[in-house]
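# missing the sequence, but the structure's below:
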């Protein structure tokens, strides 16, 4: 899940940015990988509280991880993890589908 704003901000300069977008497309074409873009026109979405990572170790309970500025937190409480999982599901529903996401990344590349 990638916010469109991240795809449009040329951190590292245009050459680095272009290479990053090509790499995202390459990863998105890998079997088993799904890239979804949350478009800028979604004025409100389930990720407004910031980024998070869901961690699902084989044979163990799922955890969530959040990191902002100089702080990080591993979330192990099952109720909190369930909330984060629900947010992720909502984000996926609010984002573009995989094909439309890849097309948007290609469009952004074409604008350079």
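That came through, no problem. All values derive from a computational prediction rather than experimental measurement.

# Tell me where the protein has helices.
For the chain, applying DSSP state H gives helices covering 4-8, 14-28, 78-94, 98-110.

# The second one to helix 98-110, inter-axis angle?
Between helix 14-28 and helix 98-110, the angle comes out at 160 degrees (axes from the mean of the first three to the mean of the last three C-alpha atoms, to 10 degrees).

# One more: the third one?
Using the same axes, to 10 degrees, one finds that helix 78-94 and helix 98-110 are set 70 degrees apart in direction.

# which parts of helix 78-94 are buried?
Buried residues in helix 78-94, counted by 16 or more other C-beta atoms under 10 Å: 81, 84, 87, 88, 91, 94. (C-beta placed from N, C-alpha, C; glycine too.)

# Can you name the residues that contact residue 20?
Residues near residue 20 by C-beta atoms under 8 Å, 6 or more residues apart in numbering: residue 12.

# how close does it get to residue 9?
Remark: distance between residue 20 and residue 9 (C-beta to C-beta, to the nearest Å) = 10 Å.

# again with residue 24
From residue 24 over to residue 9 the distance is 13 Å, taken as C-beta to C-beta.

# higher neighbour count, the two?
residue 24 (21 against 10; other C-beta atoms under 10 Å).

# so who does the closest residue to residue 87 other than its chain neighbours touch?
With sequence-adjacent residues excluded and distances taken as C-beta to C-beta, 6 or more residues apart in numbering, residue 87 is closest to residue 46, at 4.4 Å. For residue 46, the contacting residues are 87, 88, 90, 91, 94, by C-beta under 8 Å, 6+ apart.
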